[in-house]
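*Asks:* no sequence on this one, just coordinates:
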């Protein structure tokens, strides 16, 4: 007949397992207590708990210290396995980018992509060479669902196109600057409001795709308007279009500084409200070590732009 002893596993904690292992290794209450940073009385209390839990003396005194009982010898491999599992669980809370082999999804408009990718890719190539980065467009209508379904890990966009309930971090504040081709007549003239409104304009509208932007709001506030001849969804084509036409565009300053363009730039003759670019992410990834590392890499890429 085989008898089993029912034990309450809730009574087993890391301190108890660590004390058991120390006693097996050191074969001395004094040395084990010193190793664990405990008093001998404190370790004796742990030993008393173990004896009650396992219904066995576990360790008996000899002339130089303590000797494990057969039951303790049987238990020791299981204790080591449990400690290893617990340590592995804790180690998973750290993140080694050099060993990460997976995909991270970043949603951003081409404006933000142009600013962040060059410095970010340098960081990833050095620190996380196996990481694969998927860059996707921001869709404000589906962003929350995409984050909930783990299709998007981080989004770089403006607050007005972002659903509520996401974590956020301000990356920087942006302002606008006017731009025309270097051969444009305005490149050789003072640009006042009348001249600014006399030429036709290009508008980048990644989200709404309509003929109304911040510049138009600013002009309307003073009773003026401009003639928009073309709207495009991307900043990538703007420099080529401006260089081939006499159109005017009002663009984010940081994008122009980083684009290496050969355009003529000027301060708009009307005060145009800038915008703030934020990073957004779901609550579920806020404390995750891998996502924290990637977010920090993105934030640093903007800080050094």
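*Replies:* Perfect, I can see it now. Since this is a predicted model, take the numbers as computed values, not measurements. Numbering: from 1, shown residues only.

*Asks:* Now do the strands in the stretch 101-250 of the chain.
*Replies:* When assigned using DSSP state E, counting those that start in this stretch, the strands of the stretch 101-250 of the chain occupy the ranges 103-108, 132-136, 154-157, 167-174, 176-180, 200-204, 227-232, 248-252.

*Asks:* Make CSV out of those strands and add mean neighbour count and mean pLDDT.
*Replies:* Where you see a C-beta, it was placed from the backbone N, CA and C, and this is true even at glycine. Formatted as CSV, the strands of the stretch 101-250 of the chain follow (neighbours: other Cβ atoms under 10 Å; pLDDT from 0 to 100):
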stretch, mean neighbour count, mean pLDDT
strand 103-108, 20, 94
strand 132-136, 13, 95
strand 154-157, 24, 94
strand 167-174, 14, 93
strand 176-180, 22, 96
strand 200-204, 20, 96
strand 227-232, 16, 96
strand 248-252, 24, 96
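
*Asks:* okay if I get these as a markdown table plus distance to residue 46?
*Replies:* Output for the strands of the stretch 101-250 of the chain, formatted as a markdown table (distance: least, Cβ to Cβ, whole Å):
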| stretch | distance to residue 46 |
| --- | --- |
| strand 103-108 | 44 |
| strand 132-136 | 47 |
| strand 154-157 | 45 |
| strand 167-174 | 41 |
| strand 176-180 | 67 |
| strand 200-204 | 68 |
| strand 227-232 | 71 |
| strand 248-252 | 63 |
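
*Asks:* of all the ones you listed, which lies closest to residue 97?
*Replies:* Judged by Cβ to Cβ, the one of the strands of the stretch 101-250 of the chain that comes nearest to residue 97 is strand 103-108, at 10.6 Å.

*Asks:* Run the chain-centre distance for the strand or helix carrying residue 41.
*Replies:* Per DSSP states H and E, residue 41 falls inside helix 40-54. Using Cα atoms, centre = their mean, to the nearest Å, the distance from the centre of helix 40-54 to the centre of the chain it belongs to is 45 Å.

*Asks:* Which one, of the strands of the stretch 101-250 of the chain, ends up nearest to residue 45?
*Replies:* Checked against Cβ to Cβ, the stretch from the strands of the stretch 101-250 of the chain lying closest is strand 167-174, at 43.6 Å.

*Asks:* ok, the residue lying closest to residue 264 once chain neighbours are set aside - contacts?
*Replies:* Across the structure, with Cβ to Cβ, 6 or more residues apart in numbering as the measure, the residue nearest residue 264 apart from its sequence neighbours is residue 187 (4.0 Å). If a contact means Cβ atoms under 8 Å, 6 or more residues apart in numbering, then residue 187 has 180-181, 264 as its contacts.
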